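> predicted model, plus sequence, below.
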Amino acid sequence: MESQQTKKVFTTVSGIPLKKVYTPEDIADIRCKRDLGLPGEVPYVRGIYPNMYRERLWRIVQLSGSGTPEETRERIKLLVEAGERGITFEQDRMVCYSMLDVDDPDIVCRKDDVGHVGAPIMSLKDLEIMLEGIPIEKLFVRWGMFPMQISFEQACYFTIAQKRGIPLSELAGQSHGGPFNPYVSCPVYRQIPPRDGNRFVCDGIEFCIQNHMDKWVPCTAAGHNARENGINAYQELAMVLSCQMMRIEELLRRGKFGIDDFAPRLAAVNFGVHDDFFEEIAKIRAAKRMWYKILKEKYNAKNPRSLALRIQGLTCSETFTYQQPLNNIVRNTARTIAAALAGVQALGTASYDEAITVPTPEAAINAIRTQQVIQHETGIASVVDPLGGSYYVEWLTNEMEKRTWEYLEEIDNHGGFLGVLENGWAHAEAAKGANEWERKIASGEWKWVGVNCFQMEEDVLQVRAQPSNPRVWEEAMVRLEKLRKERDNQRVKEALAELRSVALSEENIIPAMMKAVQTDVTVGEVGNLWRELFGVWKAPLPL
Amino acid sequence: MNLENRRIKVLMVKTALDGHWRGVNVVTTGMRNAGMEVVYGGELNPYQIVEATIQEDVDVLGLNIGGRYHQIRIVMDQLKVRSAQDILVIAGGTVPREDIPLLKEMGIAEVFPPGSSLDSIVNFVKENVRPRDYLTNR
């Protein structure tokens, strides 16, 4: 049978050649204290906290969004009741990421698509509707997506917190910050250049330090978007580290804060958790050790919170199949176990119907249950770093680290992190990886159950698509017109003038943005201002 | 003129603003490897798509579907209005199975959901592309 052919060459999914078995000789160079330590001790490879899940399980953080702000709110409530402790809001891309109001011609001609994957949040008022009744002080909230819009969204969210009497220092959560999604894997339409986006990201970091927002990560670096676009495990790790180093350099250049003031904010990243079980574990372990080395040796950080890397995983749904979608539950399970063995602090699991539709409620709940079963029924939380000392896992962690250092050098040689975004090298690498993967699937070199092996004419279970609300655009237009009529348009004009002046200076944009959102300025009005000031950037896709 | 030597020309476009280009990249590469000429039109609205289809004088229009179908309907209607209905239109993307008949009713010749092999796409195009009539230039 085709699936029982023995492969002649064994490699990880990222191409690392593998021996039949690993022995003490393969890790003879390891010095336990220097290279492994104990959980909660440098170099943190065995866990950033001494007790890890014995004390606190990883946080379940799920992505959700669809329809109107009210409908998104209902889905969030459903998932909170089911046990998620963190939310990642997905929003309407056209409105929120591209910063366009729903009456922009580019949206009007695509009005049917508005609300397909998330709500069109155009103003502070819209966000208030979406968050009504949601106890944000009790949840870890991922909000504020990409560099272009990050200040607008942070300003809206922080303003709501203040209005509710929640001190900013109590807000727990994270702004996403990209950078791979908006600049490489899903380039945002009509966005400003990466360089200018980086300015806004760094303004957010500074604002958080000034306001003692210890529980808020002002921007993470999300590797999973790059991973889903075609790059491999060590390329992903290198890109994430390179991105954070770029932000560190910018903050050091600004000279307002020392490394230990802001590094704790940046010691929080996001990785995809992909097919290859042990490779993903090795990647996440290597990430912790490399972060420690970079912060200590390159930047001379001393604060343990600067040196210990907090990691959120997201199970990659790139290889989730359209065919036989229930198999994706198994894929999700394997990835969740890998993430737990690697010691992540939070995990988002994709839904089994990801390749077909915006998640149905049953698939969204199953994604949460997958994590809960593993957390509570497998015993995996009882011992910290259970794979520590495994000949294979320690060897692979070392190998992952070695290849990542090499790729970091390649990124530098091709222009540095901002450079590879602007010159298209990052995009070309992703395209190369995606084509290579396609070739391996087509040839059968890699098995993909349900697609190139164990196919079925008819799926056993038909997964229905999630019905979506076709009237989101109309409702958004009504809200927008009402907003513009009822607000004080003179105040809006003044707020935009102030934003313009601050944006063109070296001042932090957030205070002016918080004032502006309270005048009911819209996302499109701010977006148009940004486009006017900084220009529109088109991602250099190799197509 | 030996029609078999003429390269099949394809215009690939995205109908929604979701930004994903991996599928477009992989299919474009597959088609180019099979000897086709492929132009990537980018993220275009339905009228721009039809205009580009005619301007580029393509044999095949490949639609990457990332949203709903209103735009698709406009594209198919406009192709008829502009007398370009002979162009082979194929589509790909995360399209639920139950929606495939609906898209075919609109005139899309075939829909290739996730997991479709590049061979199946390339072969479908080769077998279904309509030969040009050089006397009428269509």
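Everything's here; your move.

> going forward, measure contacts between C-alpha atoms and count neighbours the same way
Noted.

> tell me the secondary structure for the closest residue to chain A within chain B?
As assessed by Cα to the nearest Cα, chain A sits closest to B:Gly19 within chain B, at 4.0 Å. Put simply, B:Gly19 is coil when judged by DSSP: H, G, I helix; E, B strand; the rest coil.

> quick one: pLDDT of it?
pLDDT recorded at B:Gly19 is 90.

> what does chain A put close to chain B?
Counting by Cα under 8 Å from any Cα of the partner chain, chain A comes close to chain B at A:93-94, A:106, A:109-110, A:112-113, A:116, A:185-189, A:229-230, A:321-323, A:355-357, A:431, A:434-435, A:438, A:442, A:451, A:464-465, A:542-543.

> swap in 7 Å and give it another go.
A:93-94, A:109-110, A:112-113, A:116, A:185-189, A:229, A:321-322, A:355-357, A:431, A:434-435, A:442, A:451, A:465, A:543 (Cα under 7 Å from any Cα of the partner chain).

> ranges for the strands of chain B?
Along chain B, counting by DSSP state E, strands occupy B:9-14, B:37-43, B:60-65, B:88-93, B:110-112.

> which residues are in contact with the shortest one?
Strand B:110-112 is contacted by residues B:90-93, B:100, B:104 when judged by Cα atoms under 7 Å, 6 or more residues apart in numbering or on different chains.

> now, of the residues you listed, which are buried?
Buried by 16 or more other Cα atoms under 10 Å in any protein chain shown: B:90-93, B:100, out of the contacts of strand B:110-112.

> how about JSON lines for the residues you listed, with distance to chain A and pLDDT added?
Shown next, in JSON lines, are the buried ones among the contacts of strand B:110-112 (distance: Cα to the nearest Cα, whole Å; pLDDT from 0 to 100):
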{"residue": "B:Ile90", "distance to chain A": "18", "pLDDT": "98"}
{"residue": "B:Ala91", "distance to chain A": "15", "pLDDT": "97"}
{"residue": "B:Gly92", "distance to chain A": "12", "pLDDT": "95"}
{"residue": "B:Gly93", "distance to chain A": "9", "pLDDT": "91"}
{"residue": "B:Ile100", "distance to chain A": "12", "pLDDT": "94"}
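
> what about the nearest residue to A:Ala233 once chain neighbours are set aside, which SS state?
Distances taken as Cα to Cα, 6 or more residues apart in numbering or on different chains put A:Ser14 closest to A:Ala233, at 6.0 Å, once the chain neighbours are dropped. Following three-state DSSP, A:Ser14 is assigned to coil.

> how near is A:Ser14 to chain B?
Noted for A:Ser14: a distance of 18 Å to chain B, by Cα to the nearest Cα, to the nearest Å.

> neighbours of that residue, how many?
By other Cα atoms under 10 Å in any protein chain shown, the residues close to A:Ser14 number 16.

> phi, psi for it please.
phi -90, psi 0 (degrees, to the nearest 10).

> the stretch 351-500 of chain A: helices as residue ranges?
A:361-377, A:391-413, A:416-422, A:425-443, A:472-486, A:489-503 (DSSP state H, counting those that start in this stretch).

> reformat the ones you listed as a markdown table; add mean neighbour count and mean pLDDT.
Shown next, in a markdown table, are those (neighbours: other Cα atoms under 10 Å in any protein chain shown; pLDDT from 0 to 100):
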| stretch | mean neighbour count | mean pLDDT |
| --- | --- | --- |
| helix A:361-377 | 17 | 95 |
| helix A:391-413 | 19 | 98 |
| helix A:416-422 | 20 | 95 |
| helix A:425-443 | 19 | 95 |
| helix A:472-486 | 15 | 97 |
| helix A:489-503 | 17 | 98 |
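
> switch the ones you listed over to JSON lines; also include distance to A:Leu309.
Listed next are the helices of the stretch 351-500 of chain A as JSON lines, based on distance: least, Cα to Cα, whole Å:
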{"stretch": "helix A:361-377", "distance to A:Leu309": "22"}
{"stretch": "helix A:391-413", "distance to A:Leu309": "15"}
{"stretch": "helix A:416-422", "distance to A:Leu309": "20"}
{"stretch": "helix A:425-443", "distance to A:Leu309": "24"}
{"stretch": "helix A:472-486", "distance to A:Leu309": "40"}
{"stretch": "helix A:489-503", "distance to A:Leu309": "32"}
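
> show me what residue of the stretch 351-500 of chain A gets nearest to chain B.
Among all residues of the stretch 351-500 of chain A, A:Ile356 sits closest to chain B, at 5.3 Å; criterion: Cα to the nearest Cα.

> surely that residue and B:Arg97 touch.
No. Contact between A:Ile356 and B:Arg97 fails when scored by Cα atoms under 7 Å: they sit 8.2 Å apart.

> who has more neighbours, those two?
Neighbours per residue (other Cα under 10 Å) separate A:Ile356 from B:Arg97, with A:Ile356 holding more: 23 against 17.

> may I have the phi/psi pair for the more buried one?
According to degrees, to the nearest 10, A:Ile356 has phi -120, psi -40.

> which residues are in contact with it?
A:322, A:465, B:94-96.

> for A:Asp113, same thing?
A:Asp113 touches B:67-68, counting by Cα under 7 Å, 6+ apart.

> lovely, talk soon.
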